[in-house]
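Asks: From the sequence below, what's the structure:
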Amino acid sequence: MEPRTVTAAQGWIWIKQGFAIFRRSPAVWLAMLFALYFATKLLAFIPLLAIAFILFMPLFIAGLADGCRELERGGALVAGHLLCGFRHNAAQLVTIGGISLVGNLGIMMIVVGLSGDAMSVMTKAMTAGPPGTPQALEEMRTAAQSVGRALLVGMLVSLPLVMALWFAPLLVYFHDQSPLAAMKSSLIACFRNAGAMLVFGLAIFAGMFLAMPFSMALKQYDLALWLLAPVALPALYASYKDIFLAGAAPQESTDSPAD
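Replies: A predicted model of the protein is given here:
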């Protein structure tokens, strides 16, 4: 499946279209994502179930995309859309989840290896509170620099993986592509549309920055990302349609559903 190239400005238009899709059924969107968020928190206490949840995440994404398509056709978004991915190409979607899990574990090992003892120094310093001596402050600064360099390398290494996984669940679910073919198409699409993806990513990061104080106040550091999910996930669907379906992205207006 050949992805098309769009202008950088489309990255912001995807955000607007994602918000338009969210506005068609905000209560159901919030309920479904609220359920997923609390599932991650509960399963975090059971390692095997937490791993299973990561493997199933592409299935949930595919199901939510199916809900976007239903809204676009004039139908209703229902909680059952979360499970649509379990009914079509489930094994292929779980394979994508497995690739994501293994890839991210590898990247985490790289970051930990590059940071060395600096990570533990940072953790101890944050637990102990503000450094009390100039020597402790200097150690903290050195550790922070090492951790920062390791995280930067980790981000650069993870970028191809993120790009390969970005559209893959939707291509597997909607077009019956194999996991590897879907990842290849996704990687090519992201490379060809680097400008639009950059604008999209900057908009998401700006939203996360604004939501971060609220997340930190609640000591739920991933909450900022989840707060943006009701717009980011429909925007992902809009970008998929724009790139892979010849520009048939949802209309920005919510007055009537797209054909």
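Asks: Report all helices and strands that the helix or strand V172 falls within contacts.
Replies: Taking DSSP states H and E as the criterion, the element that holds V172 is helix 168-175. Using 3 or more CB pairs under 8 Å, 6 or more residues apart in numbering; DSSP states H and E as the contact criterion, the neighbours of helix 168-175 among helices and strands are helix 47-72, helix 90-115, helix 179-192, helix 223-244. Yep, even glycine has a C-beta here, placed from its N, CA and C like the rest.
Asks: Going by neighbour count, list what's buried in it.
Replies: Residues of helix 168-175 classed as buried under the neighbour-count rule (16 or more other CB atoms under 10 Å) are 168-174.
Asks: Deepest in the core, which of the helices and strands packed on helix 168-175 is it.
Replies: Of the helices and strands packed on helix 168-175, the one with the most neighbours on average (mean count of other CB atoms under 10 Å) is helix 223-244, at a mean of 22.
Asks: what mean pLDDT does that helix have?
Replies: Helix 223-244 shows a mean pLDDT of 88 in the predicted model.
Asks: elements contacting it?
Replies: So helix 223-244, by 3+ CB pairs under 8 Å, 6+ apart, packs with helix 10-24, helix 26-43, helix 47-72, helix 168-175, helix 179-192, helix 194-217.
Asks: ok so, going back, L202 is nearest to which of the helices and strands packed on helix 168-175?
Replies: Taking CB to CB, helix 223-244 is the member of the helices and strands packed on helix 168-175 nearest to L202, at 12.8 Å.
Asks: any weak-confidence spans in the stretch 151-259 of the chain?
Replies: Scanning the stretch 151-259 of the chain for pLDDT under 70 picks out 214-222, 224, 246-259.
Asks: let's see 50
Replies: Segments of the stretch 151-259 of the chain classed as low confidence (criterion: pLDDT under 50) are 247-259.
Asks: Pipe the helices and strands packed on helix 223-244 into JSON lines and attach distance to I243 per row.
Replies: JSON lines is the format used below for the helices and strands packed on helix 223-244 (distance: least, CB to CB, whole Å):
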{"stretch": "helix 10-24", "distance to I243": "9"}
{"stretch": "helix 26-43", "distance to I243": "23"}
{"stretch": "helix 47-72", "distance to I243": "14"}
{"stretch": "helix 168-175", "distance to I243": "10"}
{"stretch": "helix 179-192", "distance to I243": "5"}
{"stretch": "helix 194-217", "distance to I243": "8"}
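Asks: of all those, which lies closest to L159?
Replies: Of all the helices and strands packed on helix 223-244, it is helix 179-192 that lies closest to L159, at 9.1 Å by CB to CB.
Asks: now the closest one, how far from the centre of its chain.
Replies: From the chain centre to the centre of helix 179-192 is a distance of 16 Å (CA atoms, centre = their mean, to the nearest Å).
Asks: then it to CSV, C-alphas only?
Replies: Coordinates of the C-alpha atoms in helix 179-192 are reproduced here as CSV (Å, rounded to 0.1, in the frame of the first residue of the first chain):
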residue,chain,number,x,y,z
PRO,A,179,2.9,-7.2,10.7
LEU,A,180,6.2,-6.7,8.9
ALA,A,181,4.6,-5.3,5.7
ALA,A,182,2.5,-2.9,7.9
MET,A,183,5.6,-1.8,9.8
LYS,A,184,7.5,-1.2,6.5
SER,A,185,4.6,0.9,5.1
SER,A,186,4.3,2.8,8.4
LEU,A,187,8.0,3.6,8.4
ILE,A,188,8.0,4.8,4.8
ALA,A,189,4.9,6.9,5.4
CYS,A,190,6.5,8.6,8.4
PHE,A,191,9.7,9.3,6.5
ARG,A,192,7.9,10.8,3.6
